[in-house]
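**Student:** sequence and computational prediction follow.
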Amino acid sequence: MQDVNIKYSRIWQIAYPIILGSIAQNLINFTDTAFLGRVGEIALGASALGGVFYLAVIMLGLGFSTGAQIIIARRFGEGRLKDVGSIIDHSMYFLGIMAVMAYLLLRYISLDILEFTVSSEAVFRETSVYMKIRAWGIFFAFGNMVFRAFYVGLTKTKVITYTTIVMAIVNIALDYILIFGAFGAPEMGVAGAALASVIAEASALVFFIIYTQINIKYSDYLLFGFRLPNKERFIRIIRVALPIMMQQFISLSVWFVFFLFIEKLGEMALAVSNIIRSVYVILMIPIWGFATATNTLVSYLLGVKRQDLVMHLIGKIVVLCFIGVLIIVSFGIFFPDLIMEVYTNDKELIKLGIPILKIVSLGALMLSIGFVLFNGISGTGKTNVSFALEVIVLGIYLTYTYVLINVFNADVSTAWTSEILYGILMSLMSYLYLRYGNWRKSVI
């Protein structure tokens, strides 16, 4: 039986570039929130709703690319590198069509949805401005996902760090220039934040293309051969990817609904929740990195017929992930005032946000376990199971939040305890399936 390296050092070697990349990526979210927090509550709330809506749509593309990544990792484990190029080609075809549809959704349909659901006219107006510009970024974002699937599937993850650093630098510079009108540029506010993000995503795609041209020998993978679309190949990828696409879209859509619930509590509650969302995303950085490593390495292990090592691997990743999150949340627990003051100088917002910050810190610790276990299921190829599990957990999460706000008239702090419930349920249900479910002979 083939000897496979699943030491802590190897797991870290794969995960840390993704984590560093996520840090750079989330600097964008951090910068947008911090700068717009100086513009005002309306701008902050608008970027929250627009940003979450955009993320919900972009998760469709990320779900498909994750499915492609899992298949690439399986072929890598099987030693079938020549099949990788065809997977990439078909991913480009599919995501190209999806990008057009996603643009139309973001640019036009989203405005009708927001007009119907947002109570504040001022928030709706600013969110509309944001979405009309931000929608263009979907084309570049989906292009980036194709390259990400290729490199992560082959565990060549360092380039993820480089591209997201480029994106972060471009976004931070343009945020300052365009939001506040620095160096003679027009003062664009929310529109400036949206435009900066679009240009940053385009910069990352250009870097991916140049890096690949210089560092990858196309013939090794039959890469970018642009073969005619093959129905069977599409079906194989979609069978794995579609449940992930729907799961991630529903997950972010539910978070969007969560923010609509919060918006009913007032503009102050929405503004502080956007700050907490930004902090929460930072807490999620090591979770995303280790989760991505999990589904890639699990799929690779099944490719080399080492099903016996899967639970051992996942256990090691859980330990690393939990420690990483614990280090980050300790800052929020011990220095909450300093964290909140980074985003706003409004004393009332700071006071309102401190207890929520402590709540999401506990939620992130729960999710550091649950999300790794959950991505272990996806890595086996049983993405239909992971989708069903996510739907059940999100249904409970949304019901819990609705009841708290609309039945018990809970405040914004209590509403955020739903994140703790989500982490606990995700951990428990994912573990039970990995322990007792039928995934060991999964074929993709």
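**Tutor:** That came through fine. Note that the structure is a prediction, hence the values are computed from the model and not measured.
**Student:** hmm, residue 9 and residue 316 touching each other?
**Tutor:** No: in this structure, residue 316 is not within contact of residue 9 by Cβ atoms under 8 Å, at 10.5 Å. (Each C-beta comes from the backbone N, C-alpha and C, glycine too.)
**Student:** what's the spacing between residue 154 and residue 85?
**Tutor:** The gap separating residue 154 from residue 85 is 12 Å, by Cβ to Cβ, to the nearest Å.
**Student:** same question for residue 215.
**Tutor:** 16 Å.
**Student:** give me the neighbour count for residue 112.
**Tutor:** For residue 112, the count of nearby residues is 9 (other Cβ atoms under 10 Å).
**Student:** nope, residue 98 is what I was after
**Tutor:** The burial count for residue 98: 17, using other Cβ under 10 Å.
**Student:** is it true that it touches residue 143?
**Tutor:** No: taking Cβ under 8 Å as the definition, residue 98 is not a contact partner of residue 143, at 11.5 Å.
**Student:** how far out from the middle of the chain is the longest helix along the chain?
**Tutor:** For the chain, the helix with the greatest residue count under DSSP state H is helix 41-78. On the basis of Cα atoms, centre = their mean, to the nearest Å, helix 41-78 sits 5 Å off its chain's mean C-alpha point.
**Student:** which parts of that helix are buried?
**Tutor:** Residues of helix 41-78 classed as buried under the neighbour-count rule (16 or more other Cβ atoms under 10 Å) are 41-77.
**Student:** quick check: next helix or strand after the strand or helix carrying residue 320?
**Tutor:** Applying DSSP states H and E as the criterion places residue 320 in helix 310-334. Sequence order places helix 336-343 as the next helix or strand after helix 310-334, per DSSP H and E.
**Student:** which strands or helices does that next one pack on?
**Tutor:** Applying 3 or more Cβ pairs under 8 Å, 6 or more residues apart in numbering; DSSP states H and E, one finds that helix 336-343 makes contact with helix 8-39, helix 267-283, helix 347-379.
**Student:** repeat that with 6 Å
**Tutor:** helix 8-39, helix 347-379 (3 or more Cβ pairs under 6 Å, 6 or more residues apart in numbering; DSSP states H and E).
**Student:** same question for the last one, mean pLDDT?
**Tutor:** Put plainly, it is helix 347-379. In this model, helix 347-379 has a mean pLDDT of 93.
**Student:** that helix: which residues count as buried?
**Tutor:** 349-350, 352-354, 356-361, 363-379.
**Student:** ok, back up a step: counting by contacts, list what the longest helix of the chain packs against.
**Tutor:** Here helix 41-78 touches helix 8-39, helix 84-104, helix 121-134, helix 137-153, helix 231-263, helix 267-283, helix 285-303, going by 3+ Cβ pairs under 6 Å, 6+ apart.
**Student:** who has more neighbours, residue 215 and residue 85?
**Tutor:** residue 85 (20 against 9).
**Student:** and the gap between the more buried one and residue 35?
**Tutor:** 42 Å.
**Student:** which intervals of the stretch 301-444 of the chain have sub-threshold pLDDT?
**Tutor:** Along the stretch 301-444 of the chain, no part satisfies pLDDT under 70.
**Student:** who's in contact with stretch 249-269?
**Tutor:** Applying Cβ atoms under 6 Å, 6 or more residues apart in numbering, the contact partners of stretch 249-269 are 41, 45, 52-53, 55-56, 59-60, 117, 270, 273, 394, 398, 401, 405, 412.
**Student:** which pair of these spans the longest distance?
**Tutor:** The most widely separated members of the contacts of stretch 249-269, counting by Cβ to Cβ, are 41 and 60 (30.5 Å).
**Student:** neighbours of residue 284, how many?
**Tutor:** Residue 284 has 20 neighbours, counted by other Cβ under 10 Å.
**Student:** name the nearest residue to it, sequence neighbours excluded.
**Tutor:** Closest residue in space to residue 284, ignoring its immediate chain neighbours: residue 364 at 6.6 Å, by Cβ to Cβ, 6 or more residues apart in numbering.
**Student:** wait, that neighbour sits on residue 325?
**Tutor:** Yes: here residue 364 reaches residue 325: they are 5.4 Å apart, a contact under Cβ atoms under 6 Å.
**Student:** coming back round to it: which elements pack onto the helix holding residue 320?
**Tutor:** Applying 3+ Cβ pairs under 6 Å, 6+ apart, we find helix 310-334 packed against helix 285-303, helix 347-379.
**Student:** residues of it that come out buried?
**Tutor:** 310, 313-314, 316-322, 324-325, 328-329, 331-332.
**Student:** need phi/psi at residue 157.
**Tutor:** Backbone torsions of residue 157, given as degrees, to the nearest 10, read phi -90, psi -10.
**Student:** for residue 301, see how far away it is.
**Tutor:** Residue 157 is 17 Å from residue 301, by Cβ to Cβ.
**Student:** same question for residue 172.
**Tutor:** To residue 301, residue 172 is 39 Å away according to Cβ to Cβ.
**Student:** and if you look at residue 156?
**Tutor:** The gap separating residue 156 from residue 301 is 18 Å, by Cβ to Cβ.
**Student:** looking at those two, which is more packed in?
**Tutor:** Higher neighbour count among residue 156 and residue 301: residue 301, with 24 against 14, using other Cβ under 10 Å.
**Student:** name the helix or strand for residue 421, please.
**Tutor:** Going by DSSP H and E, residue 421 is in helix 418-436.
**Student:** how far off helix 347-379 does that helix point, in degrees?
**Tutor:** 10 degrees (axes from the mean of the first three to the mean of the last three Cα atoms, to 10 degrees).
**Student:** quick one: helix 418-436 to chain centroid distance?
**Tutor:** From the chain centre to the centre of helix 418-436 is a distance of 19 Å (Cα atoms, centre = their mean).
**Student:** can you check what pLDDT the model gives the nearest residue to residue 57 once chain neighbours are set aside?
**Tutor:** Excluding the flanking residues, the one nearest residue 57 by Cβ to Cβ, 6+ apart is residue 102, at 5.1 Å. Looking at residue 102, its pLDDT reads 93.
**Student:** what does residue 21 give?
**Tutor:** pLDDT for residue 21: 64.
**Student:** please apply the same query to the one 10 residues further on.
**Tutor:** Reading off the per-residue confidence, residue 31 sits at a pLDDT of 73.
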